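Q: Just to be clear, the model below is a prediction. Sequence and coordinates:
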Amino acid sequence: MLHMTGITKAFYGVKVLDKVDLHVAPGEVHALLGENGAGKSTLMNILAGVYTRDAGQVIFMGNPLEHTTVRSAESAGIAFVHQELNLFNDLRVYENIFLRKEVTKALGILSKREMIEKTRALLTGLEVDINPTAMVSELDTGKKQLLEIAKALHAKAELFILDEPTTSLNSAEIEKLFATIRTLKAQGKSFIFISHKMQEIFEIADRYTVLRNGMLVASGDISEVTAPEVARMMVGNQYTDAGVYVQRQLGEVVLETKGLSGRGFHDIDFAARKGEIVGFTGLKGAGISEFFSTLFGALPITGGSLKVFGSTQSKHSVQKAMRGHLSMIAANRKENSIIPDFSLLENFYVSEHRLSKKKPLLKKSRELGRFRGHRESLSIKANTAFDMITSLSGGNQQKVILARWLNTGADILLMDNPTQGIDVGSKAEIYSLIQQLSLSGKTILFNTLEIPEIMKVADRCVVFYHGAIHSVLNRADISEERVMLAATNAIPKEEYQTP
């Protein structure tokens, strides 16, 4: 179906793709793998018509694609489903499907009934339960992802590029997405699947291609390789799958909740000690993100009590949390953490400057010195402190946000999905940083949907179910099976026994 051969691309004299090949057969899910910055996005943007290639050839469905634009790529049958979904929340489902392709009657009057019925038939064929007249803003993330695919299918797409499609989905939504992919595969449709989640890659992909530093490293059948082998191809010889956990002495209790309740959770009894790493997990929507946001003062406490370093937090707020040496790396860094119009330096000092607002003047040399110190300790890969933060990979953006909070003197770090959308090499660096911070006395609470992450670094695992703590597992008791039994309430709380 697709032959991309010898694809080369440079920006401002810097080569980002060097004679890359990619071949996709009909009815195939092809995993495109590599670290952030490996060239995956550039290659896909060339295929989708966003960029023009400097050299190489693209043949799709037997026809060469020359001087491709986004519209010509779509017309040829190539659909790019981006990680940030391109839907209009204030339009209805059928209106999104037929946008720019409206069905009209005489005098240009919209034929709403026909568009609704065609949308219903399209969604039924995909076995997707979405009301065609529903507002898109009312849909959960999983259904929005399926709607994007339906929209592309309506545009007669034959090849779908899925960029990190499961990042914001829970396990049930992922299964539904994969079922839809398999249905379309059986019809001869093909997919280029970009993901950093090895388990999903080996579940859904038929073949793979690995890029590193803009060059083709390997390509073949997914059944002929293992996850560690693929990870090693992606990051090179420095990759290790070994755990980073270090046994250490924990200190006094630094954060404690009694019957804490808030938006999306209730009756939480929990305590964390100095230097402790606690992993939180549960199905998406279990209430962990809301619990973290409440600890940080971004959401109100509706019941119970919170103590930080022995001090009861009444009328809790973000300002009080920051002054109390709490920090939070929020989920979805593009919306909630980075300030895209700011440089690395500005993103770095913004929180500390807020704390010291009585001293409004900034001393450039002092801020640069602080940034350089954190840049070295966290191994932030960047050219200068004045680069825009959007020029960095996801992993390095996350390190800048971590440096921002360390710059405030925070002793308790709340991390909500800290490795979301980050490649395996950067994940390993984040794991090591978490361990190093705990050894220096920092207390770290992190929320993740990936249980192996908890097994790598955590002292304990707290499992949420429907807004409450279902169980707490000590390190020796953590396993994927036990966590999933708790997260899904397959064994009710009162019957669940920790070994």
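A: Everything's here; your move. Residues are numbered from 1 along each chain as shown.

Q: where does the stretch 1-150 of the chain dip in pLDDT?
A: 36, 84 (pLDDT under 70).

Q: And the strands in it, which stretches?
A: 2-11, 14-24, 29-33, 55-60, 63-64, 78-81 (DSSP state E, counting those that start in this stretch).

Q: next one: the stretch 201-350 of the chain
A: Going by DSSP E, counting those that start in this stretch, the stretch 201-350 of the chain shows strands at 207-212, 215-221, 253-262, 265-273, 277-281, 301-308, 311-312, 326-329.

Q: Packed most tightly, which of those would that be?
A: strand 277-281 (a mean of 25; mean count of other Cβ atoms under 10 Å). C-beta coordinates here come from the backbone N, C-alpha and C atoms, glycine included.

Q: need the contact list for the closest residue to Thr68 other than its chain neighbours.
A: The shortest distance from Thr68 to any non-neighbouring residue, by Cβ to Cβ, 6 or more residues apart in numbering, is to Gly49 (4.1 Å). Gly49 makes contact with 68-74, 78 under the criterion Cβ atoms under 8 Å, 6 or more residues apart in numbering.

Q: Check which residues of stretch 374-392 are buried.
A: 374-375, 378, 380, 382, 385, 389, 392 (16 or more other Cβ atoms under 10 Å).

Q: Beta-bridge partners for the spatially closest residue to Ala48 that is not a sequence neighbour, please?
A: Nearest residue to Ala48 in three dimensions, chain neighbours excluded: Phe80, at 4.2 Å (Cβ to Cβ, 6+ apart). On the basis of DSSP bridges, Phe80 is bridged to Ile161.

Q: so what's Phe80 up against?
A: Contacts of Phe80 by Cβ under 8 Å, 6+ apart are 44, 48, 73, 161, 163.

Q: I figured the second one was touching Ile78, is that so?
A: Yes: A contact is recorded between Ala48 and Ile78 when judged using Cβ atoms under 8 Å, the distance being 6.1 Å.

Q: Now list whatever residues contact both of the two.
A: Shared contacts of Ala48 and Ile78, defined by Cβ under 8 Å, 6+ apart, are found at Ile161.

Q: For the two, indicate the residue with more neighbours.
A: Ile78 (27 against 19; other Cβ atoms under 10 Å).

Q: quick one: the more buried one from Gly188, how far?
A: As defined by Cβ to Cβ, to the nearest Å, Ile78 lies at a distance of 15 Å from Gly188.

Q: For the stretch 151-300 of the chain, give me the ranges with low pLDDT.
A: Along the stretch 151-300 of the chain, the parts satisfying pLDDT under 70 run over 168, 237-243.

Q: With the stretch 351-499 of the chain instead?
A: For the stretch 351-499 of the chain, the ranges with pLDDT under 70 are 357-359, 421, 423, 497-499.

Q: Walking through it, point out its strands one by one.
A: 412-416, 443-447, 460-465, 468-474.

Q: how about CSV for those strands, with distance to Gln199 and mean neighbour count added?
A: Shown next, in CSV, are the strands of the stretch 351-499 of the chain (distance: least, Cβ to Cβ, whole Å; neighbours: other Cβ atoms under 10 Å):
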stretch, distance to Gln199, mean neighbour count
strand 412-416, 21, 24
strand 443-447, 19, 24
strand 460-465, 18, 23
strand 468-474, 20, 18
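
Q: Save the ones you listed as TSV, and put in distance to Thr226 too.
A: Formatted as TSV, the strands of the stretch 351-499 of the chain follow (distance: least, Cβ to Cβ, whole Å):
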stretch	distance to Thr226
strand 412-416	29
strand 443-447	27
strand 460-465	26
strand 468-474	27
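
Q: Now do the buried residues in stretch 130-147.
A: So stretch 130-147, judged by 16+ other Cβ under 10 Å, has buried residues 130-132, 136, 139, 141-147.

Q: between those, which is nearest Ser479?
A: Each of those was scored against Ser479 by Cβ to Cβ, and Gly142 proved nearest at 26.4 Å.

Q: what separates the nearest residue to Gly395 once chain neighbours are set aside from His266, distance-wise?
A: Distances taken as Cβ to Cβ, 6+ apart place Ser426 nearest to Gly395, at 2.6 Å, with adjacent residues excluded. Noted for Ser426: a distance of 35 Å to His266, by Cβ to Cβ.

Q: same deal with His316?
A: Distance from His316 to His266, by Cβ to Cβ: 17 Å.

Q: Ok, Arg366 next?
A: Using Cβ to Cβ, Arg366 is found at 45 Å from His266.

Q: ok so, going back, quick check: which of the strands of the stretch 1-150 of the chain is buried the most?
A: Taking mean count of other Cβ under 10 Å, strand 29-33 is the most buried of the strands of the stretch 1-150 of the chain, at a mean of 25.

Q: tilt between that strand and strand 2-11?
A: 20 degrees (axes from the mean of the first three to the mean of the last three Cα atoms, to 10 degrees).

Q: C-alpha coordinates for strand 29-33, CSV please?
A: In CSV, the C-alpha atoms belonging to strand 29-33 read as follows (Å, rounded to 0.1, in the frame of the first residue of the first chain):
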residue,chain,number,x,y,z
VAL,A,29,-0.9,-2.3,11.7
HIS,A,30,2.6,-1.0,11.4
ALA,A,31,4.3,0.3,14.6
LEU,A,32,6.5,3.3,14.0
LEU,A,33,8.9,3.5,17.0
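
Q: Need the residues that contact stretch 65-74.
A: Here stretch 65-74 makes contact (Cβ under 8 Å, 6+ apart) with 46-50, 52, 58-59, 76, 80, 155, 157.

Q: will you turn those into CSV that also has distance to Ile7?
A: CSV is the format used below for these (distance: Cβ to Cβ, whole Å):
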residue, distance to Ile7
Ile46, 6
Leu47, 9
Ala48, 13
Gly49, 14
Val50, 14
Thr52, 11
Val58, 7
Ile59, 12
Ala76, 17
Phe80, 16
Ala155, 24
Ala157, 21
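
Q: Out of these, which is nearest to Asp477?
A: Taking Cβ to Cβ as the measure, Asp477 lies nearest Phe80 of the contacts of stretch 65-74, at 43.4 Å.

Q: Just want the phi and psi numbers for the residue nearest to Thr68.
A: Main-chain torsions, Gly49, degrees, to the nearest 10: phi 90, psi 10.

Q: Tell me how far it lies from Leu211.
A: Gly49 sits 20 Å away from Leu211, going by Cβ to Cβ.

Q: picking that back up, dump the strands of the stretch 201-350 of the chain into CSV; add distance to Glu102 as well.
A: As requested, the strands of the stretch 201-350 of the chain are exported to CSV (distance: least, Cβ to Cβ, whole Å):
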stretch, distance to Glu102
strand 207-212, 38
strand 215-221, 42
strand 253-262, 44
strand 265-273, 44
strand 277-281, 44
strand 301-308, 46
strand 311-312, 59
strand 326-329, 43
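
Q: So which of these is nearest Ala172?
A: Per Cβ to Cβ, nearest to Ala172 of those: strand 277-281, 15.3 Å.

Q: Name the nearest residue to Met415, ignoring sequence neighbours.
A: Phe446 (3.9 Å).

Q: Ser289 now?
A: Asp416 (5.4 Å).

Q: Okay, that neighbour and Ala271: tell me how far apart.
A: Distance of Asp416 to Ala271, given as Cβ to Cβ: 20 Å.

Q: Equivalent analysis for Gly77, please.
A: 57 Å.

Q: just Lys189 next, same as before
A: Counting by Cβ to Cβ, the gap from Lys189 to Ala271 is 51 Å.

Q: now do Arg475
A: For Arg475, the distance to Ala271 - Cβ to Cβ - is 16 Å.

Q: what about stretch 456-474, how long is it end to end?
A: One end of stretch 456-474 sits 13 Å from the other (Cα to Cα, to the nearest Å).
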